[in-house]
Every structure is written in C-alpha cells, then in structure tokens.
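# Next input, structure requested:
(one chain, ligands or ions: 2)
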Amino acid sequence: MPAFSTHAAGTAVSKEPDRLFAQPLAQVPDFAFNEDVVRVFPDMIKRSVPGYPTIVENLGVLAAQFAQPNSVLYDLGSSLGAVTQALRRHVRTDGCRVIAVDNSAAMVERCREYLNGQDSMFQELLPVEVIEGDILALDFQPASVVALNFTLQFIAPEQRTALLARIRQALLPGGALILSEKLRFNDLQEHALLTDLHVAFKRANGYSELEIAQKRSAIENVMKPDSLEEHRERLFAAGFSKVVPWFQCLNFASLIALP
Ligand SMILES: Nc1ncnc2c1ncn2[C@@H]1O[C@H](C[S@+](CC[C@H]([NH3+])C(=O)[O-])CC(=O)[O-])[C@@H](O)[C@H]1O
Ligand SMILES: O=C(O)C(=O)Cc1ccccc1
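Ligands and ions are numbered 1, 2, ... in the order given. As a prediction, this is how the structure comes out:
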C-alpha cells in the first residue's frame, strides 16, 4: 500500500520506501526519472546522497544572500521541488520569483501538487512557476540565483560548458550559481576511499549489496560525475570569475560560482 501523508489541501507527499532495486533483475535498465522513481524519490535521495538535507536547507540561506530585487531564482532539474521550497521559504527580497524546470513529466506533476500544498500552509512564500522542459532549451531571464542541485551530472558532458555559459550570461551582478554534484577524484586512492565510504553510507541506510550493485549499473550510463578540478575549469571557461566550495560530504559537494 502506498504511504502518503495528506495535507489539508489534499497534497500527497510520498513517503514510500525505495525498494526499486531490491529484487534481482535479469537486465538492469538505464536509470530514468519515471513514475516508479518519482514515488520513492524523497526516500531514495535522502538515503543515497550524504548531506542532501543539509545542502537543500542551506541553499535557501545562501540564496537569500545573493537574491537581487525583481529577479528570477532558477531551480534547474527541480524534481519534486525541495530546493524551490527552500528558496521560497528563505528569500525575502522584493519582487523575486522562482522558476523550477524539469523535463520529467512525472516529477513536474508531483512537484506542482507539493508546491500548491505548501502555498496553502505558509504565507509570504515567493511566487513560483513550474515548467516542464529541457534546461538545455531554456530561454533564461535575468537571474540572481541559479541552483543546479545534482542535475548537471545528468547532462551530456559535451553540453555542460554551453549550458553553464548561458547561465553565466543570465546572471545579474551580485548573483550566484549554486552547483551540487557527485564528485570523482583523480587520485585513485582518494576516489576508492570515498566511493567505499559512500557504499558504507548506503548500507547504513538499509540498502542491500544487491540494491547498491543494481543501482550502480542503472546510473553508470546516465550519470557522469566530474572531478572538482574539471568543475572549476569548466566554470571558468563558461565565464565565472570565482568558484568557492561550501560543502562536501564524502563524494558529494556543493560549489558557489560567482559571475
Ligand atoms: N535536460 C534536463 N532538463 C530538465 N531537467 C532535467 C534534465 N536532465 C535531468 N533533469 C532532471 O534533473 C533531476 C535530477 S535529480 C535533482 C534533485 C533535485 N534538484 C533536488 O534537490 O531534490 C538528481 C538525482 O536524482 O540525483 C531529475 O528530476 C531529472 O528529471
Ligand atoms: O545512488 C547513488 O549512488 C547516487 O550517486 C545518487 C543518486 C541519487 C538519486 C538518483 C540517482 C543517483
């Protein structure tokens, strides 16, 4: 039976546990953000990404420092709207609005339900628009904050610099890009250690060896992490002037990039 917590507005936030990879699969299909993933996504991301709740909450705090009056705050690859909601709760700057974008129809549908429910529970939240679309095809408006929270790693590597350059062009003075990613490490020993510790993190969160192995093969063709050095170089190539890491937990990190 699906577990939902239903709010007054009838908004359902799934609390269903992630068992997507618990049974042996003859062939593990490539990972996709489909209905099955959407149903378990809050549980999946919390049990898979060390530091995720800390990053999301503090993204709101960071954004409040960079938000400029009468500008847009983008949440690119918004999934169920966790970052959007953190931005809406923390930013108090006049005339700001949030634009959340995701190309998964299943994510967008559930994201809209979630954000509507939040609107009926809290006052003074920033207005939000949720767009179903490809962030590579987005026509950016002048923006003070752009969040790419674990989204760039799903973009084809050869498209990443052009996307970051378009974000850089849209950023207003005083604004920032906040980029969170899983990292790879050029030092083999460092890479092996942090990868092993990430497996230990997943095990400690109740994932079996089978679940861990099948998830790994599901994501290996669709999610391509870069090293911190690659991120820095690409951000500079895209026109950013300063890159400041503000958080790292095991092999997951978040960076502030300034225009
Ligand atoms: N080209 C694209 N255009 C639009 N969306 C895309 C594209 N490619 C992938 N996505 C979307 O990017 C999201 C990545 S999840 C982000 C978590 C969220 N930020 C969170 O903080 O909860 C990260 C993860 O699951 O590890 C998915 O919802 C995809 O549909
Ligand atoms: O599960 C993993 O190993 C990850 O690297 C993170 C992740 C989290 C949610 C969806 C896809 C990847």
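
# Which secondary structure element is home to residue 165?
In the assignment (DSSP states H and E), residue 165 maps to helix 160-170.

# Near ligand 1, which residues of this structure are found?
33, 45, 56, 77-79, 82-83, 101-104, 107, 134-136, 149-151, 154-155 (CB under 6 Å from any ligand atom). The C-beta positions use only the backbone N, C-alpha and C, and glycine is treated the same way.

# Tell me the bridge partners for residue 248.
residue 253 (DSSP bridges).

# so what pLDDT did it get?
According to the model's per-residue confidence, residue 248 sits at a pLDDT of 98.

# contacting residues around residue 219?
Contacts here follow CB atoms under 8 Å, 6 or more residues apart in numbering; on that basis residue 219 touches residue 31.

# again but with residue 67, I slipped
73, 91, 93, 96, 144, 145, 175.

# Pick out the most distant pair among those.
With CB to CB as the measure, no two of those lie farther apart than 91 and 175, at 12.1 Å.

# what do those two both touch?
Common contacts of residue 91 and residue 175, defined by CB under 8 Å, 6+ apart, comprise 67, 145.

# Of the contacts of residue 67 - the most surrounded one?
residue 145 (29 neighbours; other CB atoms under 10 Å).

# pretty sure it contacts residue 178?
Yes - with contact defined as CB atoms under 8 Å, residue 145 reaches residue 178; the gap is 7.0 Å.

# Identify the contacts common to those two.
Shared contacts of residue 145 and residue 178, counting by CB under 8 Å, 6+ apart, come down to residue 63.

# I'd like the contacts of residue 67 as CSV, with secondary structure, pLDDT and distance to residue 248 appended.
Below are those laid out as CSV (DSSP: H, G, I helix; E, B strand; the rest coil; pLDDT from 0 to 100; distance: CB to CB, whole Å):
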residue, secondary structure, pLDDT, distance to residue 248
73, strand, 98, 24
91, coil, 97, 24
93, coil, 97, 28
96, coil, 98, 28
144, strand, 98, 25
145, strand, 98, 21
175, strand, 98, 23
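
# Could I get the contacting residues of the residue nearest to residue 168 when sequence neighbours are not counted?
Closest residue in space to residue 168, ignoring its immediate chain neighbours: residue 239 at 4.2 Å, by CB to CB, 6 or more residues apart in numbering. The neighbours of residue 239, taking CB under 8 Å, 6+ apart as the test, are 165, 168, 169, 259.

# Whichever of these end up buried, select them in PyMOL.
The command below creates a PyMOL selection of those among these that count as buried (16 or more other CB atoms under 10 Å):
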select buried, resi 165+168+259
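
# out of the contacts of residue 239, what pair is the most spread apart?
Taking CB to CB as the measure, the contacts of residue 239 span a maximum distance of 11.3 Å, between 165 and 259.

# any idea which element residue 148 lies in?
Under the assignment here (DSSP H and E), residue 148 is part of strand 143-149.

# ok, how many other residues are close to the closest residue to ligand 2 within the chain?
Of all residues in the chain, the one sitting closest to ligand 2 is residue 48 (3.6 Å; CB to the nearest ligand atom). Around residue 48 there are 20 other residues, counting by other CB under 10 Å.

# Surely it touches residue 202?
Yes - using CB under 8 Å, residue 48 is in contact with residue 202, at 6.3 Å.

# ok, which stretches of the stretch 51-200 of the chain are strands?
Taking DSSP state E, counting those that start in this stretch to define them, one finds strands in the stretch 51-200 of the chain at 72-76, 97-102, 128-132, 143-149, 171-184.

# Counting by contacts, list what the helix or strand where residue 243 lies packs against.
Secondary structure here is read from DSSP H and E; on that basis residue 243 sits in strand 242-249. Contact analysis of strand 242-249 by 3 or more CB pairs under 8 Å, 6 or more residues apart in numbering; DSSP states H and E lists helix 52-66, helix 228-237, strand 252-258 as its packing neighbours.

# No further queries at this time; thank you.
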